[in-house]
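J.: any chance you could fold what I've pasted below:
(chains A and B)
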Amino acid sequence: MSSIYEKIKAIVPDVTIEENGLSMIVVPSKAMPLVATYLSEKESFDSLVALIGNDWGESLGVVYIIDSTKTNERVVLKTSTTDKENPTLYSVVNVWQSADLNEREVYDFFGIRFIGHPDMRRIFLREDWEGYPLRKDYDASPEANPVPETNEYNADTTISLQEQEDGTIKEEERVIFSPEDYVVNIGPQHPATHGVMRFRTAIEGETIKKIDPVCGYIHRGIEKLAEGLTYPQTLHFTDRLDYLSAHQNRHALCMCIEEAMGIEVPERAKYIRTIMDELSRIGSHLLLYSTLCMDLGSITAFIYGFRDRDKVLDIFDDTCGGRLIMNYNKIGGVMADIHPDFVTKVKNFIKYMPKGLEEYHSLFSGNVIAKNRMVGVGVLSKEDAIKYGIFGPTGRASGWANDVRKLEPYGVYDKVEFDQVVLTEGDTYARYMIRLKEIEQSLHIIEQLIDNIPEGDYAAKTKPIIKLPEGNYFKRVEGARGAFGVYIESKGDKTPYRMKFVSQGLNLIGAVDHITRDTKIADLIAIGGSLDYVIPDIDR
Amino acid sequence: MFDFSTITNWIDELLQSCMAPWAVVLVEGLIIGVLLLLLYALIALALIYAERKICAFFQCRYGPNRVGPLGLMQPIADMFKMLIKEIISIKDSDKFLYGLAPFLVILSSMLTFGCMPFGKGLLTLDFNIGVFFIMAVSSIGVLGILLAGWSSNNKFTLIGAMRSGAQMISYELSIGLSILSVVVYAGTMQTSQLIAAQEGTWFLFSGHIPMVIAFLIYIIAGTAETNRGPFDLPEAESELTAGYHTEYSGMHFGFYYLAEYLNMFIVSGIASLLFLGGWMPLHIPGWEAFNTVMDYIPSVIWFFMKTAVIMFIIMWFKWTFPRLRIDQLIKFEWKYLLPIGLFNLLLVTLMTVFGWHF
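T.: From the prediction side, this is the model:
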């Protein structure tokens, strides 16, 4: 980190470093394009992990967390502007493509406009929304934004800010869809978007020319809500983000808070957390198998997958009392001890599941129609996976080894042996197969842990009022569909100053247009199914 | 074997004796029409139930089991639900075509249904171009689907209708070729003569490999023709919500639903007519005792049994295979099925000319 700081300082002399939990390199906004280009081209910092907007009262700005896929180093940059009337910063889209939708999110919630960004529209809120909700001085009264009674009008043009040679900023109009385009709305109410997601799809016959994703139909403003709640109260939001990896998400938030406060989690809790994480990964991957098969028209395979997923949910039901929203992890450990039948049921499941996988392969994986539909369809290269920030199984199917469990081991992942499954084809079939292979690995992990759960407390004792020391904290786990990160900025209060959930969904949606270009409508469904996005994860 | 024409002749004579000839035709036409409509509805109900149960068994489920014993009343409840539902009219749709489309579909399916050889002496339409007539009326259906897609003023329905048009017109060629093979082989197009020619052995067995190929082509193309999985692209629910009938509700939708099931029955019925001897019992040359026993099974049961077996195979397809993509579907027809069908027609012709068959 410090060496990188020295190197950046050599190019841009007026950078400073801010050591406060995370050590952040503060870059003046003017110098951001230069630093970004330098980092990605000379220092191989090619993976943008998180792009977090923030309102520090006197200034508005963005925090960038950037990883190097070659050296696994991490650098945190911070840039800000004091102009609150018309805040502008420089875009990094041309360096890290995954910044595209993330910068639009920052614009939507903080009103920061990015110079050089090709498409500066709101992403979650309506075009006619008044104000920027995540600003600290936002007027949340219903009068400012009454419930609209008119249909939302989606413009076919957008605005892009471009810096002219003389240094002035000019607004340029860009065309999204021209009047000749035949635009079909796939969604928001559509069986294959797996939720309330809308793709404005320009097609020519059956061929897709362009896709413009429209998000925000179920945005609940969880990040804003979290700013008004105490830390234990914020926990339950995580289960409602990506509801298929509820355990992992909550694990991330708990770990972030525990690390900030220096709480030592008992070994037993760590074992239980790891087993639960892997069980939910199996459940989530089974759901992908089921829904992908249904999207491709094989309804029998869908029912088979759900039949087996139910066994995982039964195990959760015993211990957590919930099947989808589990509310199981808490700060310092887990809510309750495991059910007496837990170990037996998990062991039975480990014995049962390989047979189920065999059945899936004989029913669907080897089917000639299924192969025709998936092999070679929607290829995502490794470079593009990194550029678009596609972590998780989807990225690993493109040959990018990015498993957080291996890179930054947490829980008891350092004590177990498992393979990081990496396929190189990057097509829909690879994305499908990698899920089934990861189920095998997850079973292998659980097998090693289930007999060795140590005795002891299942939760550490914590203070009744939890206050995080002042600073910035970031923690990642491997969710079922990729890295899930939690960024907390604390001012030392019992509520967070800013809490950001860095999830996969938005990046996956950002890559849809790229992957589906010039494929067929039916391929969009197959690709969408294999990307495995979960809408509440996008619409936080 | 009982000949149903004794009953129909008796009714005919009874009417002749007390009415003018034109009135006889009118009354007989009415009776047959009402009977066919009733049978049409009944078969549809039975098929809906059968499909649900069979699909449930494929998927480790129970299927309907709450309404009536074994869920037998479920299709009737469904039908009533369909009947009492409101028919919603769509803003900016072409009202006349929108209303006409479902009737075209059901009309085509009804007309074809009228040509089914249900049993010995139970054949409504029997004239010298019988099979040709079946081909002709069954292709009216695609018109209804195209009109439905166009008049709904919806992009999904339009894509669905276009897919359907491309698919049905393409696969009709294959069906035509395989039917043509049978016609060449039998030397007649008349339904009753086709069946009579299969008294010894069914065409599927007597016609060597070319007939088996024709049968396979017919089953594949027939599945595509009925828009059922794996060829259900026009209504691919995960892509086009419900395809060409997205905007239809109530009994208008019910007509499509009925026609879909009945078309499956019709395709299977024609398959059993052309390849499995219609209502003709299974006869093996030389096995006299066996043939006599087979003759005791009523002809109606023979026809429905054969049709049911083929329908089961078609359902099996649907509940096992994923869906094809439109370009793969068209490629499959034009690059594989059609050339094979053409070549097969040549084989059948040679076989018939030189008498290389049983």
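
J.: okay, CA-based contacts and neighbour counts for the rest of this
T.: Noted.

J.: for the helix or strand containing residue B:23, packing partners?
T.: Following DSSP states H and E, one finds residue B:23 within helix B:21-58. Judged by 3 or more CA pairs under 8 Å, 6 or more residues apart in numbering or on different chains; DSSP states H and E, the packing partners of helix B:21-58 are helix B:5-18, helix B:74-84, helix B:95-113, helix B:250-274, helix B:299-320.

J.: which parts of chain A belong to which domain?
T.: Under automatic domain parsing, the residue ranges defining each domain of chain A are A:1-141, A:226-505+A:534-538.

J.: could those domains be laid out in JSON lines, adding distance to residue B:123 and mean pLDDT?
T.: Listed next are the domains of chain A as JSON lines, based on distance: least, CA to CA, whole Å; pLDDT from 0 to 100:
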{"stretch": "domain A:1-141", "distance to residue B:123": "64", "mean pLDDT": "83"}
{"stretch": "domain A:226-505+A:534-538", "distance to residue B:123": "38", "mean pLDDT": "87"}
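
J.: which of those domains is buried the deepest?
T.: Among the domains of chain A, domain A:226-505+A:534-538 has the highest mean neighbour count (mean count of other CA atoms under 10 Å in any protein chain shown), at a mean of 20.

J.: touching chain B at all, that domain?
T.: Yes. Using CA under 8 Å from any CA of the partner chain, domain A:226-505+A:534-538 reaches chain B at A:293-301, A:303-304, A:363, A:367, A:369-370, A:373.

J.: in helices only, show me these.
T.: When DSSP state H is applied, the residues of domain A:226-505+A:534-538 next to chain B are split such that A:293, A:294, A:295, A:299, A:300, A:301, A:303, A:304, A:369, A:370, A:373 fall in helices.

J.: what's the mean pLDDT across the helix holding residue B:23?
T.: When pLDDT is averaged over helix B:21-58, the result is 87.

J.: from the chain's centre, how far out does that helix sit?
T.: Centroid displacement of helix B:21-58 relative to its chain, using CA atoms, centre = their mean, to the nearest Å, is 13 Å.

J.: now the helices: where do they sit in the stretch 351-500 of chain A?
T.: A:368-374, A:382-387, A:392-396, A:404-407, A:428-450 (DSSP state H, counting those that start in this stretch).

J.: please save the CA atoms from the longest one in CSV.
T.: Output of helix A:428-450 as CSV, limited to C-alpha atoms (Å, rounded to 0.1, in the frame of the first residue of the first chain):
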residue,chain,number,x,y,z
THR,A,428,-23.5,-20.5,-20.7
TYR,A,429,-22.7,-24.2,-20.4
ALA,A,430,-19.6,-23.5,-18.3
ARG,A,431,-21.6,-21.2,-16.1
TYR,A,432,-24.1,-24.0,-15.7
MET,A,433,-21.6,-26.7,-15.1
ILE,A,434,-19.6,-24.7,-12.6
ARG,A,435,-22.6,-24.5,-10.3
LEU,A,436,-23.0,-28.3,-10.2
LYS,A,437,-19.3,-28.7,-9.6
GLU,A,438,-19.3,-26.2,-6.8
ILE,A,439,-22.1,-28.2,-5.1
GLU,A,440,-19.7,-31.1,-5.0
GLN,A,441,-17.0,-28.9,-3.4
SER,A,442,-19.4,-27.5,-0.9
LEU,A,443,-20.5,-31.0,0.1
HIS,A,444,-16.8,-31.8,0.5
ILE,A,445,-16.3,-28.8,2.8
ILE,A,446,-19.2,-29.7,4.9
GLU,A,447,-18.1,-33.3,5.1
GLN,A,448,-14.8,-32.2,6.7
LEU,A,449,-16.5,-29.9,9.2
ILE,A,450,-19.6,-31.7,10.3
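
J.: can you name every helix or strand that it contacts?
T.: Helix A:428-450 sits against helix A:267-295, helix A:342-360, helix A:368-374, helix A:392-396, helix A:521-531, with contacts defined as 3+ CA pairs under 8 Å, 6+ apart.

J.: of all those, which one is nearest residue B:258?
T.: helix A:267-295 (24.0 Å; CA to CA).

J.: and the closest residue to residue A:86 other than its chain neighbours, its phi and psi?
T.: Nearest non-adjacent residue to residue A:86, counting by CA to CA, 6 or more residues apart in numbering or on different chains: residue A:112, 7.5 Å away. Per-residue torsions, residue A:112: phi -80, psi 120 (degrees, to the nearest 10).

J.: now residue A:112: how far from residue A:308?
T.: Per CA to CA, to the nearest Å, residue A:112 is found 47 Å from residue A:308.

J.: swap in residue B:209?
T.: Taking CA to CA, one finds residue B:209 at 43 Å from residue A:308.

J.: secondary structure class for the residue of the stretch 201-350 of chain B found nearest chain A?
T.: Closest contact between the stretch 201-350 of chain B and chain A, by CA to the nearest CA, is at residue B:322 (4.2 Å). Three-state call for residue B:322 (DSSP: H, G, I helix; E, B strand; the rest coil): coil.
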